[in-house]
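Engineer: What follows is a predicted protein model with its sequence.
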Amino acid sequence: TCRDFGANYLMTLPDKGNPIIFCNGDNDTFPLWYNQDTEEVRRDVRICNLSYAQTDWYIYQQQCPLYDAPGLPISWDQNQYQEGKNEYVAVRPELKKQIEALYQKHPEEARDSFGNDPYEIKNILKYWVFAEKQEFHVIPTDTINIYIDKDAVLRSGMMLPEAIRHLKGEELRDAIPDKLSISLKNIRLLTKVDLLMLEILANCNWERPLYMAISVGNSSKLKFDDYFVQEGLAFRFTPFNYKEWGDVEEGNGYAIDTEKLYENVMNRYKYGGLDTPGLYLDETTLRICYSHRRLFAQLAKELVKQGDDIRARKVLEYAGQTIPAYNVPEVYESGSYDIATAYASIGETQKATDLLNHLIAESENYIDWAFSLGDNRIGMVQQDCLYRFWQWNQCNELLKSMDKKRYEQSNQQFEKKYMRFTQLMNYHN
């Protein structure tokens with residue numbers, strides 16, 4: 001199972017262009033290394049662990065070719081990233097006024113000193129971060145620019161915002177923004193890892209596909225989320241702010257490339273024999289199983305949104321076959337509520353209701369266990385209880401539109417137990 005899940009990260013990436021994937025922890029790194037080193041899977045991909053990227057030996061290693069992939073596009077000299085050098089650089093946006101005044105009064109001198117755009121990442125690294133004078137070792141802006149090679153974007157195969165997909169030729173090219181601006185607002189310093197990510201992003205030039213594993217979390221202060229498009233177990237870096245383009249609904253998180261996600265989960269991914277009855281899965285492996293089930297749930301909901309109920313049904317059926325409930329528990333955190341939502345949306349009310357009843361029972365059982373702790377100890381699990389009540393209420397709201405009688409029964413139990421819970425909490429307070 002772990003072998004296949006590691007391969008799935010790699011199979012998320014396109015087959016051409018020597019893609020790069022940023023990862024961060026053990027579970028999204030070691031299985032990938034195993035697949036490349038032992039199974040010879042996707043040796044055209046470069047895996048970059050951001051936890052190790054704080055060290056000079058690892059940056060040097062990443063600059064070197066490996067298997068069928070060239071090194072990462074890092075132009076730094078070893079003395080610029082050796083231990084103790086540029087571990088962090090202060091962000092000093094108050095310097096912008098002085099810089100802009102210099103460009104107004106002495107434009108040629110300014111361009112010679114800081115480049116055509118002093119806020120472009122390549123110029124910031126060259127003229128500031130890696131400058132000989134120590135006083136220049138700062139980021140003199142709260143907005144960093146990366147210029148966009150529009151032809152490279154169009155060749156890349158990345159998902160374009162829906163608003164411009166119908167355009168052709170020069171009209172499409174003109175609709176692509178000239179630059180990507182990354183805000184550093186409220187950020188006081190950038191680490192060596194932050195600078196490295198910006199260096200790689202700029203030098204990939206949208207020709208070499210760059211990805212972030214979905215399991216990475218907040219390894220960087222830089223806010224790339226709005227520029228990500230999800231294609232599976234990894235987000236692709238793009239120059240498009242999908243939220244501003246209207247491709248991301250409020251609260252949904254990320255843009256999703258439905259076609260690539262469908263191809264990945266339905267055809268390219270393997271599921272490690274999870275359909276083998278009686279298979280033992282440890283807690284860590286279960287969490288990755290949950291990640292895969294959530295992908296199915298996301299995909300099904302996106303297809304429903306697009307009016308493609310036929311493929312949504314296929315996705316839901318395949319999810320049940322490859323990640324069956326008899327091995328991988330149907331819990332809220334595994335995306336099971338979203339799967340119930342998708343079933344309800346395509347008219348499969350019985351399947352949706354059965355799943356909701358199971359999730360309600362899960363929440364109710366936990367709350368009953370919490371009550372069994374007694375008045376003096378239930379406070380230890382107060383937040384967990386509130387989370388379970390929230391899950392229960394979500395299920396009730398969805399149930400209301402499908403089975404009024406069952407909804408009323410469940411809601412009555414909910415109100416009764418929630419009242420008891422609030423009385424206990426008020427007593428403790």
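Structural biologist: Here it is on my side, so go on.
Engineer: burial of the closest residue to residue 79 other than its chain neighbours, as a residue count?
Structural biologist: Spatial nearest neighbour of residue 79, chain neighbours left out: residue 85 (6.9 Å); criterion: Cβ to Cβ, 6 or more residues apart in numbering. In short, each C-beta sits where N, CA and C put it, glycine included. The local packing of residue 85 (other Cβ atoms under 10 Å) involves 14 other residues.
Engineer: show me what contacts residue 68?
Structural biologist: 18, 43-44 (Cβ atoms under 8 Å, 6 or more residues apart in numbering).
Engineer: Let's have the residues you listed in CSV, adding neighbour count.
Structural biologist: Formatted as CSV, these follow (neighbours: other Cβ atoms under 10 Å):
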residue, neighbour count
18, 19
43, 15
44, 17
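Engineer: Okay, and which of the residues you listed map to helices?
Structural biologist: Of the contacts of residue 68, none are assigned to helices by DSSP state H.
Engineer: Take those and lay them out in JSON lines including distance to residue 151 and pLDDT.
Structural biologist: Shown next, in JSON lines, are the contacts of residue 68 (distance: Cβ to Cβ, whole Å; pLDDT from 0 to 100):
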{"residue": "18", "distance to residue 151": "19", "pLDDT": "98"}
{"residue": "43", "distance to residue 151": "29", "pLDDT": "98"}
{"residue": "44", "distance to residue 151": "23", "pLDDT": "98"}
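Engineer: Look up how far residue 191 lies from the residue most central in space within the chain.
Structural biologist: Central residue of the chain (Cα atoms, centre = their mean): residue 214, 3.8 Å from the mean position. Per Cβ to Cβ, to the nearest Å, residue 214 is found 22 Å from residue 191.
Engineer: so what's residue 180 bridging to?
Structural biologist: Going by DSSP bridges, residue 180 is paired in beta bridges with residue 146.
Engineer: Am I right that it is in contact with residue 148?
Structural biologist: Yes - contact criterion Cβ atoms under 8 Å: residue 180 and residue 148 qualify, at 6.1 Å.
Engineer: So these two - more neighbours on which side?
Structural biologist: Using other Cβ under 10 Å as the criterion, residue 180 and residue 148 rank with residue 180 on top: 21 against 18.
Engineer: quick revisit: for the residue nearest to the centre of the chain, which non-adjacent residue is closest in space?
Structural biologist: Using Cβ to Cβ, 6+ apart, the closest residue to residue 214 is residue 233 (5.6 Å).
Engineer: what do you get for residue 120?
Structural biologist: residue 145 (4.8 Å).
Engineer: My read is that that neighbour contacts residue 183, right?
Structural biologist: No - contact between residue 145 and residue 183 fails when scored by Cβ under 8 Å: they sit 11.0 Å apart.
Engineer: Have a look at the two and say which one is more surrounded.
Structural biologist: Neighbours were tallied for residue 145 and for residue 183 using other Cβ under 10 Å; the higher tally belongs to residue 145 (20 against 11).
Engineer: Just the pLDDT at that one, thanks.
Structural biologist: Listed pLDDT for residue 145 reads 96.
Engineer: okay, and for the stretch 151-300 of the chain, where does confidence drop off?
Structural biologist: Across the stretch 151-300 of the chain, the ranges flagged by pLDDT under 70 are 219-221, 251-252.
Engineer: just the strands in it please.
Structural biologist: Counting by DSSP state E, counting those that start in this stretch, the stretch 151-300 of the chain has these strands, from start to end: 179-183, 189-191, 210-213, 228-230, 234-237, 255-256.
Engineer: What residues of the helix or strand residue 301 falls within count as buried?
Structural biologist: Residue 301 is part of helix 283-305 when elements are defined by DSSP states H and E. Buried residues in helix 283-305, counting neighbours by 16 or more other Cβ atoms under 10 Å, are found at 285-286, 288-304.
Engineer: I'd like the distance from it to the chain centre, please.
Structural biologist: 13 Å (Cα atoms, centre = their mean, to the nearest Å).
Engineer: just to revisit the earlier point, out of the strands of the stretch 151-300 of the chain, which gets nearest to residue 67?
Structural biologist: strand 210-213 (17.6 Å; Cβ to Cβ).
Engineer: ok, back up a step: where's the residue nearest to the centre of the chain relative to residue 261, distance?
Structural biologist: In terms of Cβ to Cβ, residue 214 sits 11 Å off from residue 261.
Engineer: ok, now residue 269?
Structural biologist: Residue 269 is 10 Å from residue 261, where distance means Cβ to Cβ.
Engineer: Need the overlap of contacts for these two.
Structural biologist: With Cβ under 8 Å, 6+ apart, residue 269 and residue 261 have common neighbours residue 232.
Engineer: for the stretch 301-429 of the chain, which spans come out with low pLDDT?
Structural biologist: 427-429.
Engineer: Show me where it has its strands.
Structural biologist: According to DSSP E, counting those that start in this stretch, the stretch 301-429 of the chain contains no strands.
Engineer: Over to the nearest residue in space to residue 136 that is not next to it in sequence: give its phi and psi.
Structural biologist: Ranked by Cβ to Cβ, 6+ apart and with sequence neighbours excluded, the top spatial neighbour of residue 136 is residue 128, at 5.2 Å. Phi and psi for residue 128, reported as degrees, to the nearest 10, are phi -120, psi -70.
Engineer: Can you get me a residue count around residue 128?
Structural biologist: Neighbour number of residue 128 under other Cβ under 10 Å is 21.
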